[in-house]
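Visitor: Need a 3D model of the following:
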Amino acid sequence: MARDIQLQRNPAIRYALLAIGWLSVVLGVIGIFLPVLPTTPFLLLAAACFMRSSKRFYLWLINHRRLGPWIVDYLDGQGIPLKGKVYAISLMWLSISLSCYLVPLFWARAFMLTSAVLVSLYILRQKTRVAP
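Guide: Presented below is the predicted three-dimensional model:
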């Protein structure tokens, strides 16, 4: 799976994109285990940054045994597996509910609940990938 890779010519921008890309990879991996951090958006951001800064890192990420499918399936329009949708929405609402219980600030609760509703709607609107 090779997309049109156009590397940034400006070295400062290239290094900034590399740094953002690696930070996104780290946050995406943490998001696999921590439900309050979304995995796929961080991995997509990393892929976009690497696509413009390092062909080697871009190919490493999309061909990675564990991380690659998150990116490739989304970019190819194959959708999200039903199990993944249920897992993501369930864990998100569990963590948001706990956070709302622990945080007494109305504005913080409103922000968390609004975010959870919008993310849930986004996930539900994505195509559901049929199991192979």
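
Visitor: Can you give me the buried ones in the longest helix along the chain?
Guide: If you go by DSSP state H, the chain has its longest helix at helix 11-33. By neighbour count on 16 or more other Cβ atoms under 10 Å, the buried set for helix 11-33 is 14, 17-18, 20-22, 24-25, 27-29, 31. Heads up, the C-betas are built off the backbone N, CA and C, glycines and all.

Visitor: the helices in the chain, which residues?
Guide: Remark: helices assigned in the chain by DSSP H are 11-33, 39-53, 55-62, 68-75, 82-102, 106-125.

Visitor: pretty sure Trp22 is touching Ala46, no?
Guide: Yes. With contact defined as Cβ atoms under 8 Å, Trp22 and Ala46 form a contacting pair (7.4 Å).

Visitor: circling back to that earlier point, please convert the buried residues of helix 11-33 to JSON lines, extending it with pLDDT.
Guide: What follows is the buried residues of helix 11-33, written out as JSON lines (pLDDT from 0 to 100):
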{"residue": "Arg14", "pLDDT": "93"}
{"residue": "Leu17", "pLDDT": "94"}
{"residue": "Leu18", "pLDDT": "95"}
{"residue": "Ile20", "pLDDT": "95"}
{"residue": "Gly21", "pLDDT": "95"}
{"residue": "Trp22", "pLDDT": "97"}
{"residue": "Ser24", "pLDDT": "93"}
{"residue": "Val25", "pLDDT": "95"}
{"residue": "Leu27", "pLDDT": "90"}
{"residue": "Gly28", "pLDDT": "88"}
{"residue": "Val29", "pLDDT": "91"}
{"residue": "Gly31", "pLDDT": "83"}
